[in-house]
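Enquirer: With the sequence up front, the predicted model follows.
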Number of protein chains: 4
Amino acid sequence: MAGLAPRPRYVSVVGGTDAGEPVVALAEEVGRMLAQRGCVVVTGGRAGVAEAASRGAVLAGGTTVGILPGATRAEANPYVTVAVPTGVGEARNAMVVMDAAAVIALPGAYGTLSEVAFALLAGTPVIVLGNGWDLAGTVPASTAADAVDLALDLARPEG
Amino acid sequence: MAGLAPRPRYVSVVGGTDAGEPVVALAEEVGRMLAQRGCVVVTGGRAGVAEAASRGAVLAGGTTVGILPGATRAEANPYVTVAVPTGVGEARNAMVVMDAAAVIALPGAYGTLSEVAFALLAGTPVIVLGNGWDLAGTVPASTAADAVDLALDLARPEG
Amino acid sequence: MAGLAPRPRYVSVVGGTDAGEPVVALAEEVGRMLAQRGCVVVTGGRAGVAEAASRGAVLAGGTTVGILPGATRAEANPYVTVAVPTGVGEARNAMVVMDAAAVIALPGAYGTLSEVAFALLAGTPVIVLGNGWDLAGTVPASTAADAVDLALDLARPEG
Amino acid sequence: MAGLAPRPRYVSVVGGTDAGEPVVALAEEVGRMLAQRGCVVVTGGRAGVAEAASRGAVLAGGTTVGILPGATRAEANPYVTVAVPTGVGEARNAMVVMDAAAVIALPGAYGTLSEVAFALLAGTPVIVLGNGWDLAGTVPASTAADAVDLALDLARPEG
């Protein structure tokens, strides 16, 4: 069918909104590598890890989706290709990881924890990078490249 | 900033999932024209008007977003570029039109009516095409071209 | 089973938040009569019709549920027996009428219209009282007593 | 104002849906004690810990609220006084603990973890009872009485 590519893999990248420099650099590298592997990068669409991962992906020519808590696209960071306002507040955390092929979790706070919990609840592989949450069911990674490899190796066929 | 285009306008197209041929043709034309005008087309992501508008937009080189009621991307029609599973059922109707620059409403049933209501509630211009809901606050259009012109003329600056 | 009453019927009462005196009086009468008939009265929990219906029900000894758009119970009116903060904004309109045995709609604006649309979408009987929305599928009533009678006559067995 | 009691404190009790006997007994005791202290008990409304806590509360004369994931009240356990269908699936976990004065968490799986995460995100005191999640920010309790005492001591003034 002309004009229709096969559905890409969606990988969610989660982590704190006020991430420090090392975490930001890791997130940007993760975003870049996911884009290079043809994945759509889904984030919560705002600052910190979401912005860095989106920047990495977009500057590598990828597509990024930001699932926003508020009712306006204005809160998206500038590297979000497709901004999705939800208006449902923190309940949107469930949607940030929904039906992801895999989730890569960088350090964050309780919002990130809720996203990891929703992913685990759905049986989605969760790769933890950089001293994030150490929870039963998650898979630790030591580098961005390692995290992306693990995510795509463990990725669910649908998603 | 290299790689970053200005944020596009998002226009939502709503209508029934079991639309007949004339409505499908209208929806496809609306989608095509919106894409030609540089808009991202947002729909509910499934059959009928959503599929036709998405097909028109994608085949014209545009980007389409499908805001899905279920928890999986598998329910998106094949012309959805970016599929967004929400898992919130019919409450996602609020998100289909959220922060749209304008909404174009084709004939549909009560689900479509709820989307029109949410758009009007938010002060978003609603263009009604093809014998749809005749409600105070909506703007009637007689052709697809007319609907797209009205949508972009009345479009909210943000969205 | 000691202590367990049969599940009551839940009837939702919807309408504007800035209702004028005649509408407020009607809503209070509706709430009172529903409570006298043993129904739990569900509303959006804030001012106007919701407050009046809740006041009528509570002062008659009934139970009222307020499904709130925000994330705090503080926004509930004082006649809400059980306040339910949802944090999902206007998307909570879907929940105000969800699985209602019937819905009684007094005059309101687009938020009320979305609630009526969701109820009709679910196949729930919608009784319109006092010059509200004249939509296919709704049932007009001329007095509060008439509305309550119609609601309970048409009520879905489950709900 | 006749007929209006002061707003009660709402305490959420979370935990697994397939809890074993010792956990069920603990949950029931927690529910009973919360009711005896005048609290409304909020749960996810279904089996396991939610059912046991609701049973304990109702049999002690208390009020219980079940925030359900589905779109129908039929899925509530019989000890739910006020059943609230949300239709938003697991995203309703955010609502189960929303604006709670405190949360008491019994053992559960990832759904419970998401509820704990949302509570911590909101700054709500989370009391963990019975080998549940050991997370920074939670407060451990050793008995049901201890958990209820801690919950009410630490309870937020609003909620």
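Expert: Yes, it's here.

Enquirer: For the biggest helix by length in chain A, give the mean pLDDT please.
Expert: Among the elements of chain A assigned as helix by DSSP state H, the one spanning the most residues is helix A:21-36. The predicted model assigns helix A:21-36 a mean pLDDT of 97.

Enquirer: Now do it: everything it contacts.
Expert: The contact list for helix A:21-36, computed with CB atoms under 8 Å, 6 or more residues apart in numbering or on different chains, reads A:11, A:13, A:15-16, A:19, A:41, A:48-49, A:52-64, A:104, A:106-107, A:129-130, A:144-145, A:147-148, A:151. Just so you know, the C-beta spots here come from the backbone N, C-alpha and C atoms, and that holds for glycine as well.

Enquirer: Could you identify the helix or strand that succeeds that helix?
Expert: For helix A:21-36, the following helix or strand on the C-terminal side (DSSP states H and E) is strand A:40-43.

Enquirer: could you say what helices and strands that following strand packs with?
Expert: Secondary-structure packing of strand A:40-43 (3 or more CB pairs under 8 Å, 6 or more residues apart in numbering or on different chains; DSSP states H and E): strand A:10-14, helix A:21-36, helix A:49-59, strand A:64-68.

Enquirer: now do 10 Å
Expert: strand A:10-14, helix A:21-36, helix A:49-59, strand A:64-68, strand A:82-85, helix A:93-96, strand B:82-85 (3 or more CB pairs under 10 Å, 6 or more residues apart in numbering or on different chains; DSSP states H and E).

Enquirer: and those as TSV, adding distance to residue B:71 and mean neighbour count?
Expert: Below are the helices and strands packed on strand A:40-43 laid out as TSV (distance: least, CB to CB, whole Å; neighbours: other CB atoms under 10 Å in any protein chain shown):
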stretch	distance to residue B:71	mean neighbour count
strand A:10-14	13	31
helix A:21-36	22	22
helix A:49-59	21	28
strand A:64-68	13	27
strand A:82-85	15	24
helix A:93-96	9	30
strand B:82-85	5	24
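
Enquirer: Pull the contacting residues for the nearest residue to residue A:89 once chain neighbours are set aside.
Expert: Nearest residue to residue A:89, sequence neighbours excluded (CB to CB, 6 or more residues apart in numbering or on different chains): residue C:87, at 4.4 Å. Taking CB atoms under 10 Å, 6 or more residues apart in numbering or on different chains, we find residue C:87 in contact with A:69, A:87-92, C:68-72, D:91, D:94-95, D:98-99, D:118, D:122.

Enquirer: Can you check the pLDDT for residue C:87?
Expert: Note on residue C:87: pLDDT of 98.

Enquirer: Helix or strand for the closest residue to residue A:37 other than its chain neighbours, just tell me which one.
Expert: Nearest non-adjacent residue to residue A:37, counting by CB to CB, 6+ apart: residue A:152, 6.2 Å away. For residue A:152, the host element (DSSP H and E) is helix A:144-154.

Enquirer: Using a markdown table, lay out the helices and strands packed on strand A:40-43 together with distance to residue D:76.
Expert: Shown next, in a markdown table, are the helices and strands packed on strand A:40-43 (distance: least, CB to CB, whole Å):
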| stretch | distance to residue D:76 |
| --- | --- |
| strand A:10-14 | 32 |
| helix A:21-36 | 42 |
| helix A:49-59 | 36 |
| strand A:64-68 | 30 |
| strand A:82-85 | 32 |
| helix A:93-96 | 21 |
| strand B:82-85 | 26 |
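
Enquirer: before we move on, the earlier item: okay, angle between the helix holding residue A:152 and helix A:49-59 too, please.
Expert: In terms of direction (axes from the mean of the first three to the mean of the last three CA atoms, to 10 degrees), helix A:144-154 departs from helix A:49-59 by 80 degrees.

Enquirer: Show the secondary-structure elements that whatever helix or strand residue A:111 lives in is packed against.
Expert: For residue A:111, the element it lies in under DSSP H and E is helix A:110-121. Under the contact criterion of 3+ CB pairs under 10 Å, 6+ apart, helix A:110-121 touches strand A:10-14, helix A:93-96, strand A:102-105, strand A:126-129, helix D:93-96, helix D:110-121.

Enquirer: Same list, these, but as TSV with mean pLDDT please.
Expert: Putting those into TSV (pLDDT from 0 to 100) gives the following:
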stretch	mean pLDDT
strand A:10-14	98
helix A:93-96	98
strand A:102-105	98
strand A:126-129	97
helix D:93-96	98
helix D:110-121	97
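
Enquirer: how about the ones you listed in TSV, adding distance to residue C:37?
Expert: Output for those, formatted as TSV (distance: least, CB to CB, whole Å):
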stretch	distance to residue C:37
strand A:10-14	49
helix A:93-96	38
strand A:102-105	50
strand A:126-129	51
helix D:93-96	29
helix D:110-121	36
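
Enquirer: closest one to residue D:156 among those?
Expert: When the helices and strands packed on helix A:110-121 are compared by CB to CB, helix D:110-121 sits nearest residue D:156, at 10.6 Å.

Enquirer: I'd like the mean pLDDT over the helix holding residue A:152, please.
Expert: Summarised as a single mean, pLDDT over helix A:144-154 is 98.

Enquirer: Go through that helix and flag the buried ones.
Expert: A:144, A:147-148, A:150-152 (16 or more other CB atoms under 10 Å in any protein chain shown).

Enquirer: so that helix versus strand A:10-14, what angle?
Expert: For helix A:144-154 against strand A:10-14, the angle by the same axes, to 10 degrees is 140 degrees.

Enquirer: Please name the bridge partners of residue A:84.
Expert: residue A:67 (DSSP bridges).

Enquirer: Can you check the pLDDT for it?
Expert: You'll see residue A:84 listed with a pLDDT of 98.

Enquirer: Now do the contacts for it.
Expert: A:42, A:45, A:65-68, A:73, A:76, A:92, A:95-96, B:10, B:42, B:65, B:67, B:82, B:84, B:86, B:95, B:98-99.

Enquirer: Give me the pLDDT value at the residue nearest to residue A:49 when sequence neighbours are not counted.
Expert: Residue nearest to residue A:49 in three dimensions, not counting chain neighbours: residue A:15, with 2.9 Å by CB to CB, 6+ apart. Looking at residue A:15, its pLDDT is 97.

Enquirer: Can you give me the neighbour number for residue A:155?
Expert: Neighbourhood size, residue A:155 [other CB atoms under 10 Å in any protein chain shown]: 18.

Enquirer: That one is in contact with residue A:139, isn't it?
Expert: No - taking contacts as CB atoms under 10 Å, residue A:155 lies outside contact range of residue A:139: 11.8 Å.

Enquirer: Which neighbours do those two have in common?
Expert: Common neighbours of residue A:155 and residue A:139, counting by CB under 10 Å, 6+ apart, are A:102, A:125.

Enquirer: Could you check how far the nearest residue to residue A:60 once chain neighbours are set aside is from chain D?
Expert: Leaving out its chain neighbours, the residue that sits closest to residue A:60 by CB to CB, 6+ apart is residue A:35, at 4.0 Å. For residue A:35, the distance to chain D equals 28 Å [CB to the nearest CB, to the nearest Å].
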